[in-house]
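Visitor: Dropping the sequence and predicted coords here.
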Amino acid sequence: MKLYKKLSFLVWIILCALLGLNLVKIPQIRDLFYKNLGVKEVVIEGSDKLNREKVKEILANKIWFSLNEKDIKEKFKEEFPFIKSLKLEKPGFRKIKLIITEYKPFGYVSINNKNFFITKEGVKLDKKYYPNLNPKNLLRIIINDEKIDRLKLEKLEELDNKFCKKFSPEKYIIYRNQIACVLKNNQTFVFGIENLERNVKKAEKFLLKVKNINDYTLLDFRFKHMVIGKEKNKDGEN
């Protein structure tokens, strides 16, 4: 077997040297070498979402010796957009291992009347790849801008971790330069994206001074020297 491998590889190198890139354009040569030197076994680690038939299509007519990792990555990411990164290994003759790292859904987004999962990086994920994922377990995000801004998603995650998470947010609304955090009791906190850290510190100080935060239906922390709020009447109205 070792001798066969060496001879096959030697013949392949000689033909490549003689014919160069034209080798793959000759059907008889291509079919012959794929039959004997094509990818025969594929091991996939890190994901169970890859359709085996699609994998075979991508690797069809690919010679094991001359697999281009960059090309393989591009084709797999194009076919399976939930792939964040892919590593190609050749553990044995005509055998390859694909080590997959998937994107993790970060939020359930509504934008332009369309709903989908999204990553922290702003990559859209088709819900069909996550049939068992409950949107309620993700951050609910409504984007009223024309497009998704990765920086705003990063700011939203920061806001959720540093402040809003402890108040059980129902959803977040992103619009222009602000993020609104709407709680399950319909109470709303508003923050500016550009000065988010300063806004959060102001919110923390304000809440230390307030006897009952539930007296307010809305608190806006975007302004430098003041906090704008809407209070409830005794009847529970604004």
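Guide: Everything's here; your move. Numbers count the residues shown, from 1 in each chain.
Visitor: Packing partners of the biggest strand by length in the chain?
Guide: In the chain, ranked by residue count with DSSP state E as the criterion, the top strand is strand 83-92. Helices and strands touching strand 83-92, by 3 or more C-beta pairs under 8 Å, 6 or more residues apart in numbering; DSSP states H and E, are helix 69-79, strand 95-102. No exception for glycine: its C-beta is placed from N, CA and C like everyone else's.
Visitor: And it, what's buried?
Guide: Ile83, Leu86, Leu88 (16 or more other C-beta atoms under 10 Å).
Visitor: thinking again about what came up before, of all the helices and strands packed on strand 83-92, which one is nearest Leu207?
Guide: Closest to Leu207 of the helices and strands packed on strand 83-92 is strand 95-102 (C-beta to C-beta; 38.1 Å).
Visitor: partners of that closest one, with directions?
Guide: When pairing is defined by DSSP bridges, strand 95-102 lines up against strand 41-45 (parallel), strand 83-92 (antiparallel).
Visitor: Put the alpha carbons of the longest strand of the chain into PDB.
Guide: What follows is strand 83-92, C-alpha atoms only, in PDB (Å, rounded to 0.1, in the frame of the first residue of the first chain):
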ATOM      1  CA  ILE A  83     -19.900  27.700   9.600                       C
ATOM      2  CA  LYS A  84     -17.700  30.200  11.400                       C
ATOM      3  CA  SER A  85     -14.400  28.500  10.700                       C
ATOM      4  CA  LEU A  86     -13.100  25.300   9.100                       C
ATOM      5  CA  LYS A  87      -9.900  23.400   9.400                       C
ATOM      6  CA  LEU A  88      -8.800  20.700   6.900                       C
ATOM      7  CA  GLU A  89      -6.700  17.800   8.000                       C
ATOM      8  CA  LYS A  90      -5.500  14.700   6.100                       C
ATOM      9  CA  PRO A  91      -5.100  11.900   8.700                       C
ATOM     10  CA  GLY A  92      -4.800   9.200   6.100                       C
END
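Visitor: who touches that strand?
Guide: For strand 83-92, contacts defined as C-beta atoms under 8 Å, 6 or more residues apart in numbering pick out 41, 43, 47, 64, 67, 69, 72-73, 76-77, 96-103, 119.
Visitor: how distant is it from the center of its chain?
Guide: Counting by C-alpha atoms, centre = their mean, to the nearest Å, strand 83-92 is centred 19 Å from the centre of its parent chain.
Visitor: Stretch 96-114 too?
Guide: Taking C-alpha atoms, centre = their mean, one finds the center of stretch 96-114 at 4 Å from the center of the full chain.
Visitor: same check, this time on stretch 144-154
Guide: Offset of stretch 144-154 from its chain centre (C-alpha atoms, centre = their mean): 14 Å.
Visitor: What is the end-to-end distance of that stretch?
Guide: Taking C-alpha to C-alpha, to the nearest Å, stretch 144-154 runs 17 Å from one end to the other.
Visitor: Over to stretch 182-193?
Guide: Note: stretch 182-193 ends 16 Å apart using C-alpha to C-alpha.
Visitor: quick revisit: of the helices and strands packed on strand 83-92, which approaches Lys224 most closely?
Guide: Of the helices and strands packed on strand 83-92, nearest to Lys224 by C-beta to C-beta is strand 95-102, at 42.2 Å.
Visitor: just the angle between the closest one and helix 69-79, please?
Guide: 50 degrees (axes from the mean of the first three to the mean of the last three C-alpha atoms, to 10 degrees).
Visitor: low pLDDT regions in the chain?
Guide: Low-confidence regions of the chain, defined here as pLDDT under 70, cover residues 1-34, 234-238.
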